[in-house]
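[1] got a predicted structure plus its sequence, pasted below:
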Amino acid sequence: MGRLLGAHDSDDLDRPDLNKCPDCGCFFAQNNCPLCGKECPEEMRAGNRKKVKIRKRRRRNSSRVTFVDWYHSWWFIILMMFFFPLAGIILLATSPHKRSSKIIFIIIAVIYGIISTIGIGNIIGSIADMLDNPVDTSLSKEVYMAKCEEVSAEEYYRQIGKYKDEFIKMTLVVEDKIVGSEDLYGAELNNYYLCHIYDERGDSYSILIRDCLAESMNFLRGDRITVYGEGAGNVTVYDINGMGHNASCINAAYIE
């Protein structure tokens with residue numbers, strides 16, 4: 001009499017040798033459905049029903065094996081990206097790989113290109129320079145200047161580590177302005193002033209002043225200035241002509 005609870009239309013199993021109830025989906029040999037008692041119509045009787053098409057069921061996560069031409073293989077596309085970028089882009093665009101994989105590959109390639117062009121040291125130096133505020137901006141001008149201790153160039157030069165990030169005051173003579181200066185990694189920084197000062201014995205000391213002023217000011221060669229700022233240690237900067245300047249440095253917050 002078939003299955004007691006019947007087989008439904010969505011099932012792949014069919015009994016072409018039995019009648020089928022259109023309401024219950026139950027298979028049976030007699031004329032009436034054993035569940036609802038309804039008489040089986042002619043079109044649902046054995047031999048009159050359309051053959052049920054059996055669906056092929058595929059396992060989840062199963063996939064067909066796709067053969068990729070050697071020139072569309074990832075290893076060859078990456079190789080072309082290194083030596084012939086245009087050819088690599090064309091191969092990637094025409095390859096049968098998934099669109100999501102192509103997008104991820106392009107993002108990685110762009111990031112790699114930026115790092116290779118600019119340099120990882122340059123990027124880290126630029127980020128550090130942006131995040132690191134060279135002077136304390138939380139203090140008012142009067143309070144800031146009052147905290148600065150007057151230091152001689154010789155003392156600052158000899159004990160450069162002692163005055164790192166300390167509030168100092170120093171009177172100097174401007175020697176030159178270093179425009180568009182760069183640090184060791186090539187990252188563009190603030191403008192610097194190369195200054196000098198003579199001690200009582202006539203010895204000269206070179207001091208770099210990093211322009212961190214709230215209000216920009218321009219100084220000429222020979223100007224005598226009093227700098228209020230914070231010790232920055234020894235710094236090497238390069239001007240637009242590529243000439244390097246290494247000297248003890250002060251991050252200048254205020255200059256008179």
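    Arrived safely, thanks for sending. Numbering: from 1, shown residues only.

[2] use CA for all of it now, contacts and neighbours both
    Fine.

[3] does anything pack onto the helix or strand residue 246 falls within? Which helices or strands?
    According to DSSP states H and E, residue 246 maps onto strand 244-255. Under the contact definition 3 or more Cα pairs under 8 Å, 6 or more residues apart in numbering; DSSP states H and E, strand 244-255 sits against strand 204-211, strand 224-238.

[4] pull out the buried residues from the longest one.
    Neighbour counts over strand 224-238 (16 or more other Cα atoms under 10 Å) mark 224, 226-235, 237-238 as buried.

[5] touching that strand from outside, list them.
    With contact meaning Cα atoms under 8 Å, 6 or more residues apart in numbering, strand 224-238 is reached by 134-135, 145, 148, 160-161, 163-174, 181-184, 208, 244-256.

[6] now do 7 Å
    135, 145, 148, 160-161, 163-174, 181-184, 244-256 (Cα atoms under 7 Å, 6 or more residues apart in numbering).

[7] which residues does residue 255 contact?
    Residues in contact with residue 255 (Cα under 7 Å, 6+ apart) are 225-228.

[8] any stretches of the stretch 51-200 of the chain with poor pLDDT?
    In the predicted model of the stretch 51-200 of the chain, residues 52-66, 116-133, 179-190 satisfy pLDDT under 70.

[9] pull the longest helix from this structure.
    Assignment by DSSP state H gives helix 99-118 as the longest helix of the chain.

[10] thinking again about what came up before, what mean pLDDT does the strand holding residue 246 get?
    Mean per-residue pLDDT for strand 244-255: 85.

[11] export only the CA atoms of it, formatted as PDB.
    C-alpha atoms of strand 244-255 as PDB (Å, rounded to 0.1, in the frame of the first residue of the first chain):
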ATOM      1  CA  GLY A 244      72.600  66.900   4.900                       C
ATOM      2  CA  HIS A 245      72.800  69.000   8.100                       C
ATOM      3  CA  ASN A 246      73.400  67.200  11.500                       C
ATOM      4  CA  ALA A 247      73.300  69.200  14.700                       C
ATOM      5  CA  SER A 248      71.600  69.400  18.100                       C
ATOM      6  CA  CYS A 249      68.000  70.400  17.600                       C
ATOM      7  CA  ILE A 250      65.300  72.400  19.500                       C
ATOM      8  CA  ASN A 251      61.600  72.100  18.700                       C
ATOM      9  CA  ALA A 252      60.700  75.800  18.800                       C
ATOM     10  CA  ALA A 253      57.300  76.700  20.100                       C
ATOM     11  CA  TYR A 254      57.900  80.500  20.500                       C
ATOM     12  CA  ILE A 255      60.600  82.700  19.200                       C
END
